[in-house]
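Q: sequence and predicted structure, then a few things I'm wondering about:
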Amino acid sequence: MNRILADVLATMNAVFAVLIVVFAVRFGFDYMEDSFLGAALGAIVGIAIASLACGTIAFLALIERHLSFLADGKEQRRPHRPRREPEF
C-alpha cells in the first residue's frame, strides 16, 4: 500500500509542477499586458518555484525508491576485485 501511495505522490507531483509553470506563464502574460516577455519571465519564475517545491518532493521520492530497491535485496553484488595502484 505504501508503494502505491508513493507512486501516486510522484505522479501528482509531476502534474503539480507542470500546472505551476503553466499558471506562472499565464500570470506573466496577463500581468505584462499580453507580452511575450511577460510569458518568458513567468516561465522562468514558474520553473524556479516548481523546482523548489516539487523538486524537493521528487528528490524524496527518488530516495524512497532507492531505499525500497535496496530493502528488497535486488541489488546485484559485483565480485570484489582488489584495487590496483596506477603504474608510473
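A: Structure received.

Q: Arg53: what's it in contact with?
A: Wrong residue type there; residue 53 is Ala, not Arg. 16-17, 20 (C-beta atoms under 8 Å, 6 or more residues apart in numbering). For glycine as for every other residue, the C-beta is placed from the backbone atoms N, C-alpha and C.

Q: of these, grab the buried ones for PyMOL.
A: To isolate the buried members of the contacts of Ala53 in PyMOL, using 16 or more other C-beta atoms under 10 Å:
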select buried, resi 17+20
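
Q: just the ones of the contacts of Ala53 in helices?
A: Those of these mapping onto helices are 16-17, 20, per DSSP state H.

Q: tabulate the contacts of Ala53 in TSV, adding columns for distance to Ile49.
A: Shown next, in TSV, are the contacts of Ala53 (distance: C-beta to C-beta, whole Å):
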residue	distance to Ile49
Phe16	11
Ala17	9
Ile20	6
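
Q: of the contacts of Ala53, closest to Asp30?
A: Ile20 (15.9 Å; C-beta to C-beta).

Q: how near is the closest one to Ile47?
A: Separation of Ile20 from Ile47 (C-beta to C-beta, to the nearest Å) stands at 9 Å.

Q: secondary structure class for Arg83?
A: Secondary structure, DSSP: H, G, I helix; E, B strand; the rest coil: Arg83 is coil.

Q: in the chain, which helix has the most residues?
A: The chain, longest helix under DSSP H: helix 36-71.

Q: buried residues of that helix, list them for me.
A: Quick answer for helix 36-71 (16+ other C-beta under 10 Å): 38-39, 41-43, 45-46, 49-50, 54, 57-58, 61.

Q: what's the mean pLDDT across it?
A: The predicted model assigns helix 36-71 a mean pLDDT of 90.

Q: surely Ala39 touches Phe23?
A: No: contact criterion C-beta atoms under 8 Å: Ala39 and Phe23 do not qualify, at 11.8 Å.
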